[in-house]
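>>> please find the sequence and the predicted model below.
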Amino acid sequence: MKRLLEISLGVVTSIGGFLEVGSLATSAQAGAAFGFQLIWAIVLGTLCLIFLIEMSGRLAAVSKKTLAGAMRERFGYPFFVIPLVAMTVLGVLVLASELGGLCLALQLVTGVSFPWWAPIALFGAWLLLWKATFGVIEQGASLLGLITIVFAVAAWKLHPDWSAVARHALPSAPTHEKARYWFIAVSIMGASIAPYLLYFYSSGAVEDKWTESDVPINRVTATIGMSFGGLLSIAVLIVSALVFLPRGIRIDRFDQVAMMLTPVFGRTGFYLFAAALGVACFGAVLEVALSMAYMMAQGFGWRWTEDARPRDVARFTLAYTATLVAGGIIVMIGVDPLALTILSMALTAALLPIAIVPFLLLMNDPRYVGTHRNGWFGNIVVCGIVGIAFVIAIVSIPLELLGG
Amino acid sequence: MADVNIALIRDVLDLLLIDRDGEPMGRVDGIVMTWQPDAPPRVTHLEMGGVTLAQRLPRPLRPAMLWLARALSTRARDPYRIPVERIVHVGRHIQIDLDASRSPARASEHWVRDHIIGRIPGS
């Protein structure tokens, strides 16, 4: 019974925490521009994420070490600096995207332009990190995040051609706007396979004192939770494809995306979208800021925990505060949130090998995971998908930047 | 400590140091050996600190990181050296017989606490 409860809680956490500005924006753009054709990118990204999340939980449960800590120990400081710097830069960009999404949600409801909301949103997020414990943040954000299920309801109500949806779970070549197609495909994959999630997840597992007996539960929750999460991304794409494509609306700005639920739910749909966007982004802001602090604290051997008083973990507290401020500055100078989001997600895909290759080596090292080493199947799936994402990224990002 | 074989780079360098109270006190940033005439080389200290870390980076990055480490250094002694006699156990972590909160290993933590975080109400 206790196990069942644990599994349900884990699944709910994954579903509620899955959608954030990256997956929302990329899926919406994909649907508006290419109909159902890019569903395969969500499928590939989610599949890869399932494996990676399961691995980072397993690493923590068996070795009692977090991903950042194990990476520094196994590969040494001179190597560790590379993912540390890459992930920090990426973390700040992603945080700015999420914060931008949150501020846009506030703009939608109030009409006050988004950069003005940044200081308030920033302070709210910071105050919660300052006051709340890990459990409150993780579970609270996820429970509220369940509002994102409205996208699944909307997709269902629009009666899509399910056989066409299923058909596009497999990749197909684009018929028009080839460069744009691959750029959105890689942004979707970057949005799904967010590396900060791995640092966050392994830290949570260490914070919750997982042991080897948690390995099977972890496998079940990661698989079910992330699969349902991926379905939500697909739902966003379906709704976008059915709402925007027939009307010929190209998504260049966020306020266009905000209309996606109105054909289904009327005026309420507009507020539902704003609420879903705001809640999802707020949760992600907290997670990204914490992940960056976890990574630094663990890499340098500082005291870290989200459950202590801030003054007892001063450097850890400073780390998340600084990450929030850095992200906030980007939003306040008024960078276009949609463009920033899509670019951060594509950049994530391009930098994935730096985070994932050493992680895979750890997961195959008996000194860290003993008999719980990766199987060949997991290794091949992750290598393959990360490889595909990387190749598409380095080809399509320059094309997009030059063309755009 | 019992007679065990330890590979310095693999089993000691970059590992987490845990103090007497089970609290983390940083990572092993460097290992110090001494040579004396007519005797085999001997590991004498574990070293910690930004200066030590900067020196481990590739040569082109070193000057900038050394400058940064010195600018940020709040320790009276950087690098800080822990005598190997203080090592209790080398395993998943390295157990040290010291009180981290009274050692220079926590100097920057205390500086951040006293000058930044501790000044915010409700810390």
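Received, thanks. This structure is a prediction, so every number in the text was calculated from the model and none was measured.

>>> and the next helix or strand past the helix or strand where residue A:190 lies?
For residue A:190, the enclosing helix or strand under DSSP states H and E is helix A:178-192. Scanning forward in sequence from helix A:178-192 by DSSP H and E, the next helix or strand is helix A:195-207.

>>> contacts only, for residue 54.
You didn't say which chain, so I picked chain A. A:218, A:219, A:222, A:223, A:378 (CB atoms under 8 Å, 6 or more residues apart in numbering or on different chains). For glycine as for every other residue, the C-beta is placed from the backbone atoms N, C-alpha and C.

>>> you answered for a different chain; I wanted chain B.
B:61, B:62, B:65, B:66, B:68, B:69.

>>> got the residues you listed as a markdown table, with pLDDT and distance to residue A:60 columns?
Shown next, in a markdown table, are the contacts of residue B:54 (pLDDT from 0 to 100; distance: CB to CB, whole Å):
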| residue | pLDDT | distance to residue A:60 |
| --- | --- | --- |
| B:61 | 92 | 31 |
| B:62 | 94 | 34 |
| B:65 | 92 | 30 |
| B:66 | 91 | 34 |
| B:68 | 90 | 31 |
| B:69 | 88 | 30 |
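
>>> just the angle between the helix or strand encompassing residue A:290 and helix A:195-207, please?
Here residue A:290 is covered by helix A:267-300, with elements defined by DSSP H and E. With axes from the mean of the first three to the mean of the last three CA atoms, to 10 degrees applied, the angle from helix A:267-300 to helix A:195-207 works out at 70 degrees.

>>> helix A:267-300 and chain B in contact?
Yes. Interface with chain B: helix A:267-300 contributes A:299, A:300 (CB under 8 Å from any CB of the partner chain).

>>> buried residues in that helix?
Buried residues in helix A:267-300, defined by neighbour count with 16 or more other CB atoms under 10 Å in any protein chain shown: A:269-270, A:272-300.

>>> elements contacting the following helix or strand past it?
Later in the chain than helix A:267-300, the nearest helix or strand by DSSP H and E is helix A:314-332. With contacts taken as 3 or more CB pairs under 8 Å, 6 or more residues apart in numbering or on different chains; DSSP states H and E, helix A:314-332 sits against helix A:77-110, helix A:114-131, helix A:267-300, helix B:107-115.

>>> please see if the second one touches chain B.
It stands for helix A:114-131. Yes. With CB under 8 Å from any CB as the criterion, chain B is reached by helix A:114-131 at A:130, A:131.

>>> identify each buried residue in that helix, please.
In helix A:114-131, counting by 16+ other CB under 10 Å, buried: A:114, A:115, A:117, A:118, A:121, A:122, A:125, A:126, A:128, A:129, A:130.

>>> picking that back up, got the angle for the helix holding residue A:290 vs helix A:77-110?
Going by the same axes, to 10 degrees, helix A:267-300 makes 160 degrees with helix A:77-110.

>>> state the mean pLDDT of helix A:267-300.
What helix A:267-300 shows for mean pLDDT is 96.

>>> could you do stretch A:64-84 as well?
For stretch A:64-84, mean pLDDT rounds to 97.

>>> who touches it?
Where contact means CB under 8 Å, 6+ apart, the residues beyond stretch A:64-84 that reach it are A:56, A:59-60, A:63, A:198-199, A:202-203, A:206, A:294-296, A:298-299, A:354-355, A:358-359, A:361-362, A:365, A:368, B:9, B:13-16, B:27, B:29, B:53, B:56-58, B:92.
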